[in-house]
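Peer 1: I need the structure of the sequence given here:
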Amino acid sequence: MISRFTHQGLTWIDLESPTREELLTTSEENNLHPVVSTELLAPSERAKVDLYSNSIYLILHFPITDKSTGHVTEVEVDFVLLKDKLITTHYELIEPLHEFAKQFEVGQYLERGQSEIHAGYLFFFAVRELYKHTLYIVESVGKQIRDIEHHIFAGDEAEMVAQISKANRALIDIKQSLRYHKETLRSLSQACKQLYGEQFGYYVSAIEGEYERVEQAAEEHRQTIRDLRETNDSLLSSKTNSTIRRLTAINVILFPLGFISWVFAMHSKYLSLDDPRMLAAVFAGMALIVIVSTVYFRSKKWL
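Peer 2: Residues are numbered from 1 along each chain as shown. From the prediction side, this is the model:
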């Protein structure tokens, strides 16, 4: 599907899950380099920046939340930056681009009185929306982490094991999606300066700042989740050890009682409980066993 938006002489062409014919037609209409036309036909695993005589071809991946599963997944967005046109290609609905289209249609962008208007500004605002959405996803995970912390110290350590793993998985997926952004944006800065001039370097630096903000927030949450995992494991281990100690103490208490019952149930010509001395010897032996067991368990810190 092809969507076209025009404002102040600039055109944004957004291709969502385009057909081969739509891609080829768009490439011909905008005189795209043959290499760009070919690469637009299939998704790419890596981010990249290519500079051509009249355009910049950029591939970035962003995290989004899959509404059906709730998991964070990775989506690719291809950008072709021309002098007065921006072309974006993606293979699924991307909410921040959809919202950007609504705002672009009503003219909420490009009202800053720049001396020269070009498609680089369109790219700047579009990418900023994508990073804002990424930060929203990161902060959503942060909210989950705060809930996990509350439940851990409320005594729900066992239930939080799965929740910690879920939050950690989301942070790993976000990091995986953004893994090439730093180097790619650095290369993009040089390409944009050649296509749009040195003055546009400020906007590329602002884009890098948006990325750094997202990366810093994600790293803080990764550190927090690591600390919470260690704390949760320690509390869970302590609770387990406490339970084992209680069970051991109960066994220590019940064992002599059971042993006494067994002794009095015995019938042997070698043991006569009618003899007071024999009875005293039996009880002395049981008391010795209890004392030795107690000393041993305390030495092992089981009691």
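Peer 1: domains for this protein, by residue range?
Peer 2: Under the assignment automatic domain parsing, the domains of the chain span 2-237, 242-299.
Peer 1: Determine which stretch of these is the most buried.
Peer 2: Stretch with highest mean neighbour count among the domains of the chain: domain 2-237 (a mean of 17; mean count of other CB atoms under 10 Å). C-beta: built from backbone N, CA, C; applies to glycine.
Peer 1: I'd like to know which of the domains of the chain has the weakest mean confidence.
Peer 2: Within the domains of the chain, the stretch with the lowest mean pLDDT is domain 242-299, showing a mean of 69.
Peer 1: Who are the contact partners of the residue nearest the centre of the chain?
Peer 2: With distances taken as CA atoms, centre = their mean, the residue of the chain nearest its centroid is Leu171 (1.5 Å). When contacts are counted by CB atoms under 8 Å, 6 or more residues apart in numbering, Leu171 touches Val138, Val141, Ala218, His221, Arg222, Ile225.
Peer 1: ok, 7 Å please
Peer 2: Shown in contact with Leu171 (CB atoms under 7 Å, 6 or more residues apart in numbering): Val141, Ala218, His221, Arg222, Ile225.
Peer 1: Could I get the full set of strands for the chain?
Peer 2: Taking DSSP state E as the test, the strands found in the chain are 2-7, 10-16, 48-51, 56-65, 72-81, 85-90.
Peer 1: Can you lay out those strands as a markdown table showing distance to Asn232?
Peer 2: Shown next, in a markdown table, are the strands of the chain (distance: least, CB to CB, whole Å):
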| stretch | distance to Asn232 |
| --- | --- |
| strand 2-7 | 47 |
| strand 10-16 | 42 |
| strand 48-51 | 40 |
| strand 56-65 | 25 |
| strand 72-81 | 22 |
| strand 85-90 | 38 |
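Peer 1: closest to Glu29 out of these?
Peer 2: For the strands of the chain, proximity to Glu29 was assessed by CB to CB; strand 10-16 is nearest, at 8.8 Å.
Peer 1: quick one: that closest one to strand 72-81, angle?
Peer 2: 140 degrees (axes from the mean of the first three to the mean of the last three CA atoms, to 10 degrees).
Peer 1: Show me what strand 10-16 is packed up against.
Peer 2: Where contact means 3 or more CB pairs under 7 Å, 6 or more residues apart in numbering; DSSP states H and E, strand 10-16 is packed against strand 2-7, helix 20-29, strand 85-90, helix 95-105, helix 119-152.
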